[in-house]
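1. One predicted model, sequence on top.
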Amino acid sequence: MGTPDFAAGALKALLEAGHKVTAVVTQPDKPKGRSGEPVPTPVKVCAQEAGIPVMQPKRIKTTEAVAELKAYPADIYIVAAFGQILSQEILDIPEYGCLNIHASLLPKYRGASPIQHAIIDGEKETGVTIMQMDAGLDTGDMLYKKSIPIEADDNYETLHHKLMVLGGVAVTEALALLEQGKLVPKKQEDALSCYAPLIEKAFGRLDFAKPAVALDRLIRGVTPWPSAFTSYQGKQLKIWRAEPVVSAVSDSPVLEPDSCLDDGALGPYGGSGIPKPGEILRVEKDAVWVATGEGALRILEMQLEGKKRMNAQEFLRGVRMQPGEVLGR
């Protein structure tokens with residue numbers, strides 16, 4: 001049971017490992033683009049290529065859907081980013097229950113957006129947890145974990161891909177241990193849990209009063225969707241890639257005009273005043289420096305409303321940003 005690329009990666013891994021997948025359950029096709037033509041989910045595409053029967057119920061908990069599920073013999077159900085909540089009746093159908101591939105190191109980051117929130121919160125590592133599903137939201141017993149570091153340049157897209165691959169490895173290894181009777185359930189400590197709610201488009205709005213390090217993490221956490229954004233001269237400006245300016249003296253993000261910027265870099269303040277959050281401090285040929293609540297953000301890739309995504313050098317050929325202008329005004 002699964003829907004997006006993350007789940008398709010696990011399905012491919014199960015097939016490559018030689019497991020017999022008797023059926024696939026995924027969300028209904030959704031219209032996409034200007035044509036409005038329904039587009040199959042990545043899991044459906046993978047299943048059809050492998051000749052596996054596909055179910056696409058609008059609601060998996062209906063009497064009809066449950067009856068259809070029971071028609072497919074299965075020792076175990078594997079669930080990954082399916083998008084619907086399973087009833088206890090469904091959890092009880094297979095002999096070995098339902099295993100979920102969750103993209104975090106539980107009990108941290110239960111919920112819909114664990115990958116994004118791990119980046120945004122500045123976690124140093126993440127991973128996948130294979131858990132025994134119960135009626136709660138990601139509260140079941142943990143069976144198997146695999147972890148990876150979160151690199152400084154990881155964004156949601158790159159980390160999602162790494163965890164998709166890791167999820168496929170983890171579930172096949174967990175099933176091998178289950179067959180050998182070596183999987184030991186471990187209860188989650190609720191006191192250590194935190195919730196990763198669904199991310200909506202407005203979440204990507206940049207508040208330059210926050211520290212540069214926090215803004216960098218937010219940009220990476222919402223790239224490529226919903227993307228980080230602010231405004232410039234009345235138009236939306238998406239920020240695709242940036243880096244926080246770090247003091248050469250310490251690891252803390254401190255804006256030091258005398259050591260980090262050329263004379264006059266603070267525009268109207270002559271290099272000695274206090275810039276406003278969001279104020280453009282310096283325009284280089286391949287970057288734009290912006291003041292934040294703590295430190296500065298060096299913007300490397302952006303996209304003005306109605307234009308294509310560009311690196312800063314390409315962007316600045318067509319848009320003449322000036323020190324002293326304020327983003328987000």
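-> Received, thanks.

2. number of nearby residues for the residue nearest to Asp134 when sequence neighbours are not counted?
-> In space, Asp134 comes closest to Gly140 once its chain neighbours are excluded; the distance is 4.3 Å by Cβ to Cβ, 6 or more residues apart in numbering. Every residue, glycine included, has its C-beta placed from N, CA and C. Neighbour count for Gly140, taken as other Cβ atoms under 10 Å: 23.

3. and Gly140, how far is that from Met131?
-> Distance of Gly140 to Met131, computed by Cβ to Cβ, to the nearest Å: 5 Å.

4. Number of residues surrounding the nearest residue to Val39 once chain neighbours are set aside?
-> The shortest distance from Val39 to any non-neighbouring residue, by Cβ to Cβ, 6+ apart, is to Lys32 (4.4 Å). Counted with other Cβ under 10 Å, residues neighbouring Lys32 total 10.

5. can you map out the helices along the stretch 101-250 of the chain?
-> 114-120, 156-179, 212-221 (DSSP state H, counting those that start in this stretch).

6. all strands for the stretch 1-150 of the chain, in order.
-> Counting by DSSP state E, counting those that start in this stretch, the stretch 1-150 of the chain has strands at residues 24-25, 30-32, 37-39, 54-55, 77-79, 98-102, 110-111, 125-132, 142-149.

7. Go ahead and confirm Asp138 touches Arg110.
-> Yes. Between Asp138 and Arg110 there is a contact at 3.7 Å, judged by Cβ atoms under 8 Å.

8. Give me the domain ranges for the chain.
-> 5-196, 201-318 (automatic domain parsing).

9. And the ones you listed, which one averages the lowest pLDDT?
-> Lowest mean pLDDT within these: domain 201-318, a mean of 84.

10. And that one, end to end?
-> Its first and final residues considered, domain 201-318 spans 27 Å by Cα to Cα, to the nearest Å.

11. Also stretch 189-198?
-> Per Cα to Cα, stretch 189-198 runs 22 Å from first to last residue.

12. Going by neighbour count, list what's buried in it.
-> Using 16 or more other Cβ atoms under 10 Å as the test for burial, stretch 189-198 gives Ser193, Ala196.

13. distance between that stretch and the chain's centre?
-> 16 Å (Cα atoms, centre = their mean, to the nearest Å).

14. Which residues outside that stretch are in contact with it?
-> 104, 106-114, 116-118, 139 (Cβ atoms under 8 Å, 6 or more residues apart in numbering).

15. Show me the one of the domains of the chain that comes nearest Gly324.
-> Each of those has some distance to Gly324 by Cβ to Cβ; the shortest is domain 201-318, at 3.6 Å.

16. Save the helices of the stretch 101-250 of the chain as a markdown table, and put in mean neighbour count too.
-> Converted to a markdown table, these look like this (neighbours: other Cβ atoms under 10 Å):
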| stretch | mean neighbour count |
| --- | --- |
| helix 114-120 | 24 |
| helix 156-179 | 19 |
| helix 212-221 | 24 |
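
17. what's the closest of these to Ala7?
-> helix 156-179 (8.4 Å).

18. Mind giving me the packing neighbours of the closest one?
-> helix 5-16, strand 98-102, helix 114-120, strand 125-132, strand 142-149 (3 or more Cβ pairs under 8 Å, 6 or more residues apart in numbering; DSSP states H and E).

19. how about those in TSV, adding distance to Tyr232?
-> TSV is the format used below for the helices and strands packed on helix 156-179 (distance: least, Cβ to Cβ, whole Å):
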stretch	distance to Tyr232
helix 5-16	33
strand 98-102	39
helix 114-120	23
strand 125-132	33
strand 142-149	35
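
20. Nearest to Lys61, out of those?
-> The nearest among the helices and strands packed on helix 156-179, by Cβ to Cβ, is strand 98-102 at 13.5 Å.

21. From the rest of the structure, what touches that closest one?
-> In contact with strand 98-102 (Cβ under 8 Å, 6+ apart) are residues 1, 7, 10, 76-81, 86, 90-91, 110, 114, 128-133, 138, 140, 143, 167, 170-171, 174-175.

22. likewise stretch 115-125?
-> With contact meaning Cβ under 8 Å, 6+ apart, stretch 115-125 is reached by 103-105, 108-109, 111, 126, 147-150, 154-156, 159-160, 163, 196, 199, 213-214, 217-218, 220-222.

23. Try it again at 6 Å.
-> 103, 109, 126, 147, 149-150, 156, 159-160, 196, 199, 217-218, 220-221 (Cβ atoms under 6 Å, 6 or more residues apart in numbering).

24. With stretch 137-152 instead?
-> Contacts of stretch 137-152 (Cβ under 6 Å, 6+ apart): 102, 105-106, 110, 123, 125-134, 162, 166, 170, 174, 183, 185-187.

25. For ChimeraX, write the select line for the buried members of the residues you listed.
-> Filtering those down to the buried ones (16+ other Cβ under 10 Å) takes a single ChimeraX command:
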select :102,105,106,110,123,126,127,128,129,130,131,132,133,134,162,166,170,174,183
